[in-house]
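A.B. asks: Task: produce atomic coordinates for the following.
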Amino acid sequence: AFNNEIAKTVGKYFKIDPKWITNPPVDSLMSMAGGSDSTRNSFFQNILQLNKVQLVGQDIANPWATRSVGGWAMMFLLFTLTATSSALFEEKKSGVVLRLLASPISRVQILWSKYLYNMSLGFIQLLILFTAGCLLYQIDIFSNFFNLVLIIIAAATACTAFGMLLSSISRTAGQANGYGMFLILAMSSIGGAWFPTSFMPDFIQTISKFTIVYWSMDGILQVLWRSASIIDILPNIGILIGTAVVITSISIWQFKKGHVF
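C.D. replies: Predicted structure coming up:
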């Protein structure tokens, strides 16, 4: 993308076709380089001298682990919360749900109890994973700990809502786990959990913004890489909480229809 933008700028002011700059004819390269084939790979070095300076994250002790820990934590969190949410089917099969419904509580109250439990579980799981990353890989989680906790809470809330939605629209535990496996792997692959979204085509980068993983990963990286302030991560928190509210509303509506209970 950088080379293409440079090519457009050079082409605009020097009246040269940008395509010729990014992929010049072999015979032109041979004449320019005195017969060397290597000029194709170093064309920009012949017209520009570029110096690279890392402005963000240069003081991070373990950049690879800092980049990776959030992605793996999010993927495992989604799997965990999806599994615990689908446990509703086992509770129905064992008769626990019928006993609960015989007491003076409603289906919505049962749903909220599950929701709060899973959200607490998600928060604790993420906190433990980041703490392990700090102890094992020297990931700095304490210099911006408060903002990291805010992102963890928002991510756990959104992931919990996702798990409850799967349970509300599925007929069996196997169906919920099957949907969960496919959607979690899809969101992790395009949302930045496995590798940066900048490596992907533009249309995939656009689609990734509709996933929980993308906004969670973006917020985690802002906190760990850029030491972002609370103002900087407010959009991430707002989108994650807003997504959780919408998904939870759909889940409650589905549960009221009695598919699970």
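A.B. asks: quick one, phi psi at residue 61?
C.D. replies: phi -70, psi -40 (degrees, to the nearest 10).
A.B. asks: same thing with residue 60?
C.D. replies: Per-residue torsions, residue 60: phi -70, psi 130 (degrees, to the nearest 10).
A.B. asks: didn't it look like it was pressed against residue 227?
C.D. replies: No - in this structure residue 60 lies outside contact range of residue 227 using CB atoms under 8 Å: 10.2 Å. Just so you know, the C-beta spots here come from the backbone N, C-alpha and C atoms, and that holds for glycine as well.
A.B. asks: show me where pLDDT drops low in the protein?
C.D. replies: For the chain, the stretches with pLDDT under 70 are 24-48, 54-58, 258-261.
A.B. asks: And the residue nearest the centre of it?
C.D. replies: residue 213 (2.4 Å; CA atoms, centre = their mean).
A.B. asks: which one's the longest helix in the chain?
C.D. replies: Longest helix in the chain by number of residues (criterion: DSSP state H): helix 107-137.
A.B. asks: which helices and strands sit right next to that one?
C.D. replies: helix 63-85, helix 96-102, helix 145-169, helix 230-256 (3 or more CB pairs under 8 Å, 6 or more residues apart in numbering; DSSP states H and E).
A.B. asks: closest one to residue 179 among those helices?
C.D. replies: helix 145-169 (5.4 Å; CB to CB).
A.B. asks: buried stuff in whichever helix or strand comes after that closest one?
C.D. replies: Later in the chain than helix 145-169, the nearest helix or strand by DSSP states H and E is helix 173-191. Across helix 173-191, burial judged by 16 or more other CB atoms under 10 Å covers 173, 176-177, 179-180, 183-184, 187-191.
A.B. asks: quick one: which two of the residues you listed are the most distant?
C.D. replies: 173 and 190 (26.4 Å).
A.B. asks: Nearest residue to residue 209 in space, please, no chain neighbours.
C.D. replies: Residue nearest to residue 209 in three dimensions, not counting chain neighbours: residue 215, with 7.7 Å by CB to CB, 6 or more residues apart in numbering.
A.B. asks: Distance-wise, check that neighbour relative to residue 67.
C.D. replies: As judged by CB to CB, to the nearest Å, residue 215 and residue 67 stand 17 Å apart.
A.B. asks: Of those two, give the one with the bigger neighbour count.
C.D. replies: residue 215 (27 against 20; other CB atoms under 10 Å).
A.B. asks: ok, the more buried one - contacts?
C.D. replies: 158, 209, 236, 239-240, 243 (CB atoms under 8 Å, 6 or more residues apart in numbering).
A.B. asks: Sort out which one of those residues lies nearest residue 49 for me.
C.D. replies: Nearest member of those to residue 49, counting by CB to CB, is residue 209, at 35.5 Å.
A.B. asks: Any figure for the gap between residue 214 and residue 50?
C.D. replies: If you go by CB to CB, the gap between residue 214 and residue 50 works out to 30 Å.
A.B. asks: Neighbour count for those two, which is higher?
C.D. replies: residue 214 (22 against 8).
A.B. asks: Does the more buried one belong to a helix, a strand or coil?
C.D. replies: helix (DSSP: H, G, I helix; E, B strand; the rest coil).
A.B. asks: Now it: closest residue in space, sequence neighbours ignored.
C.D. replies: residue 191 (4.1 Å).
A.B. asks: Going by neighbour count, list what's buried in the longest helix of the chain.
C.D. replies: Residues of helix 107-137 classed as buried by neighbour count (16+ other CB under 10 Å): 107, 110-111, 114-115, 118-119, 121-123, 125-127, 129-130, 133.
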